[in-house]
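K.L.:
could you work out the structure for the sequence below:
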Amino acid sequence: SHLASERRFMAASSKVISKDVMAAMESHQERLEETMEIMNRHLQA
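P.N.:
Residues are numbered from 1 along each chain as shown. Have a look, this model is predicted:
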């Protein structure tokens, strides 16, 4: 049916999207941690 093929497409595209999102989140997390470290240094100085 049309609905089944649409669901398969959604599942496939969500896998691709989640991979990109996870990569973006990881790099964002690293920047966030760096920013927190810099802020902590400023607060302690």
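K.L.:
give me the number of residues near Met36?
P.N.:
10 (other Cβ atoms under 10 Å). Every residue, glycine included, has its C-beta placed from N, CA and C.
K.L.:
gap between it and Ala12?
P.N.:
Going from Met36 to Ala12 by Cβ to Cβ, to the nearest Å gives 36 Å.
K.L.:
cool, His28 as well?
P.N.:
25 Å.
K.L.:
helices of the chain, residue ranges please.
P.N.:
When assigned using DSSP state H, the helices of the chain occupy the ranges 2-44.
K.L.:
find the residue at the geometric middle of it.
P.N.:
Met25 (2.8 Å; Cα atoms, centre = their mean).
K.L.:
give me the pLDDT for that residue.
P.N.:
Looking at Met25, its pLDDT is 91.
K.L.:
so who does it touch?
P.N.:
For Met25, no residue meets the contact criterion (Cβ atoms under 8 Å, 6 or more residues apart in numbering).
K.L.:
mind running it again at 10 Å?
P.N.:
Residues in contact with Met25 (Cβ atoms under 10 Å, 6 or more residues apart in numbering) are 18, 32.
K.L.:
likewise for Leu3?
P.N.:
Leu3 makes contact with no residue under the criterion Cβ under 10 Å, 6+ apart.
K.L.:
check the gap between it and Ala12 for me.
P.N.:
Leu3 is 15 Å from Ala12, by Cβ to Cβ.
K.L.:
then Asp20?
P.N.:
13 Å.
K.L.:
and Ser27, by the same measure?
P.N.:
According to Cβ to Cβ, Ser27 and Ala12 sit 24 Å apart.
K.L.:
got it, and His42?
P.N.:
46 Å.
K.L.:
do the same with Ser18
P.N.:
Taken as Cβ to Cβ, the span from Ser18 to Ala12 is 11 Å.
K.L.:
then Ile38?
P.N.:
Distance, Ile38 to Ala12, by Cβ to Cβ: 40 Å.
K.L.:
repeat that for Ala4.
P.N.:
13 Å.
K.L.:
all good on my end, thank you.
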